[in-house]
Each structure stands twice: as structure tokens, then as C-alpha cells.
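Visitor: need coordinates for the following:
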Amino acid sequence: MSRLRDAFAFHAHACAILGSPFMVQLCNLFATRLHPGTPFTDRLFDWPGDVGPRGQSVPLRLCGALHALRLSGDPTLAEVYPPHDASDDALWDAVAQTLTNHAEAIDRFIDSPPQTNEVRRASALIAAAHVIAAHHDLPLELSELGASAGLNLNFDRFALRIGAHFFGPEDAALTLTPTWNGPLPPATRPRIASRRGVDLNPLDPQRDALRLRAYLWPDQPERLALTEAALALPPPPVDRADAIDWLEPRLAPSPGHCRMIYTTVAWQYFPAAKQGEGLSLIEAAGRAATAQSPLAFVQMEDDGGARGAALTLRLWPGDLRLDLGRVDFHGRWIDWSA
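Guide: The predicted structure follows:
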């Protein structure tokens, strides 16, 4: 029983760091007031394996299921969810009633692991692409591993604003404004030749839009607004496949292009054997890279550091390894060190 309670308490702490008071309140209520005793709650408490954020993410699944109901117009939750400021007792009464009234729908929703497509992470991708273009002024062929709905495959159609400096197209679909610490990225102009992603369970930007919105937190409307703007763009192709199996043929040399492979908080969820296989394939392709067919590997991943995710870049030929900095998991800030 303590595994699930600890997971909710940990998630509440993470939500505090990521600026969501409502999620802190909701997760703390789950940590202290949720009990087994029904088929649905028994399933939660008996969930096998790691129920925390680096495992099955049960708290995020349940909170996402409730938010999906709220977004679908559930009147019980509408009275206590943002923009309303409900007391603990009022919020818990509404949540407990919803768990009873909609147990079957919630049960189906949490069958699938959380899939976010956090658009603000594209700030890191835009900056990294400018670094790549400074080394290899060639059109980029994008390959995103763990792409979800593929929203961040369109990062070149977004803009990054750092103070008075603007990186991206003048007619950008959306503008990202993270708190930026450090020097500016290179003033290059990355060009995209092609874009494609892969996911074990790719989401369709139209059919699965509710699920994408549900994993955005209810008291953070700015995230919803950015996601809506990204959803309005033509969706890039995202294939349903194992990421490493899918990647292998895309590592073939592509003269006149730079292949850019990237992940944002996805690599950590690949099985260890697949991580090793994927890294071996990428390094082998790197050794075969040339100035006319270079290879770039960008990762924004949790390395266990005290602050955010590590942003790294490897470039071939030469296997140049760059520590680009650290990034907030939701892209709210970037500590740039490149």
C-alpha cells in the first residue's frame, strides 16, 4: 500500500517544482485519502512493478484520466477544478464521486502509459539544431524516437524568443519563451529536408487530441494554448514500431544531408538492452559519417541530476561530444552552456 502512497507523494513534490499547485493538492489527497476496497482501487494498490514516475507512472495515469473527464464536460469535476479554488474536502468529495461513477472509463484510460507531447521542450531542439547547423550547414533529416503525436517534429515551425533575440520563422505557429541563462545559440538558419518519428503507440493529433490535452495540468492554461497551436499544424508522419528497429535503416548515409536523431525524455523508457543496441547502431553509423553525410544525436533526458534534464549533442564525423546545458522537464527554463 505504501508504494502507491509514496508515488503520489513524490509526484506532488515534482508538481510543486513544476509549478502546479492544483496537482500538488490533488496528489497529496490521493496519497492520504485513497484506500483499497473496490475493484478499481484494488487494481491501483496491487499494480505490479514500479508505480512511480520512472516506472509505470500510475499517479500521472490517474490524474490524466480525471482531467480527460473534466475536459469532456463532467459537471462534478467542473465545480472543483481550475479556475475554481476548492478546499481539500470539496475536491476529494468530487474526486471520490467521480471514481465511483466513472470507474469503468477511468479503468480503460489508465491501461495505456502516459504520453505527453510537451511542446515547450522544442526550445531545446531549436537551440540544438542551431548548433548543428553551425558545424554542418546542410539540410537536416529528422528522426524522433518516442515521438508520441509528432508535435515536436515541427520544431522548425516554432520560434524561440530569448530576450530581444528571435530564432525561427517570422510566421511561426507559436513562440516559446523559456527563462534563458547563458550565451545565445549560434545565429544560423537550420533547414529541414524531411521529418519522421516513431512510437510504440503513436497518437493521432486529431483522434487522440483529448488524451494529449489530458496530460497537461489543469492549472497551466499556457501549456494547453501552445499545444492547441501545435495541433493546428500539418501532422508529421509517426510510425508504429520499436524505435531501435525502426532507426537502423534511417542511419544509412545520406549525402548532402545531416541526419539528426533526437529524444526528449523518451530514451529512459526504452529497455536497457534496446538502449545498448541503439547506441551501438548510432555509434557505428557515426564512424561511417563524412563531412557530406554527417550525423547528429541530441538527447534531453533525465540523468539523475539535481536540476532538470541533461541536454547533450554528439556529432560525427569526429564524435564531438557537447554538453549543451540543462533543461526544465516542461521546458520552462534552459541553462545553456554550449
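Visitor: now do the helices in the stretch 101-250 of the chain.
Guide: 103-109, 122-135, 209-214, 221-231, 243-250 (DSSP state H, counting those that start in this stretch).
Visitor: just name the most buried of the ones you listed.
Guide: Mean neighbours per residue, mean count of other CB atoms under 10 Å, is largest over those for helix 122-135, with a mean of 24. No exception for glycine: its C-beta is placed from N, CA and C like everyone else's.
Visitor: what's the offset of that one from the middle of its chain?
Guide: Put simply, helix 122-135 sits 18 Å off its chain's centre (CA atoms, centre = their mean, to the nearest Å).
Visitor: export that helix as CSV, just CAs?
Guide: Output in CSV follows, covering the C-alpha atoms of helix 122-135 (Å, rounded to 0.1, in the frame of the first residue of the first chain):
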residue,chain,number,x,y,z
ALA,A,122,11.1,22.2,-28.5
SER,A,123,13.1,25.2,-27.2
ALA,A,124,15.9,22.8,-26.6
LEU,A,125,15.6,21.2,-30.0
ILE,A,126,15.6,24.6,-31.8
ALA,A,127,18.7,25.7,-30.0
ALA,A,128,20.4,22.3,-30.6
ALA,A,129,19.6,22.5,-34.3
HIS,A,130,21.3,25.9,-34.5
VAL,A,131,24.4,24.3,-33.0
ILE,A,132,24.3,21.5,-35.5
ALA,A,133,23.9,24.0,-38.4
ALA,A,134,26.9,25.9,-37.2
HIS,A,135,29.0,22.7,-37.6
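Visitor: give me the mean pLDDT for that helix.
Guide: Averaged over helix 122-135, pLDDT sits at 98.
Visitor: care to break this protein down by domain?
Guide: 2-109, 119-336 (automatic domain parsing).
Visitor: out of the helices of the stretch 101-250 of the chain, which comes closest to Val95?
Guide: Closest to Val95 of these, according to CB to CB: helix 103-109, at 10.6 Å.
Visitor: thinking again about what came up before, JSON lines for the helices of the stretch 101-250 of the chain, including distance to Leu324?
Guide: Shown next, in JSON lines, are those (distance: least, CB to CB, whole Å):
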{"stretch": "helix 103-109", "distance to Leu324": "36"}
{"stretch": "helix 122-135", "distance to Leu324": "6"}
{"stretch": "helix 209-214", "distance to Leu324": "27"}
{"stretch": "helix 221-231", "distance to Leu324": "22"}
{"stretch": "helix 243-250", "distance to Leu324": "21"}
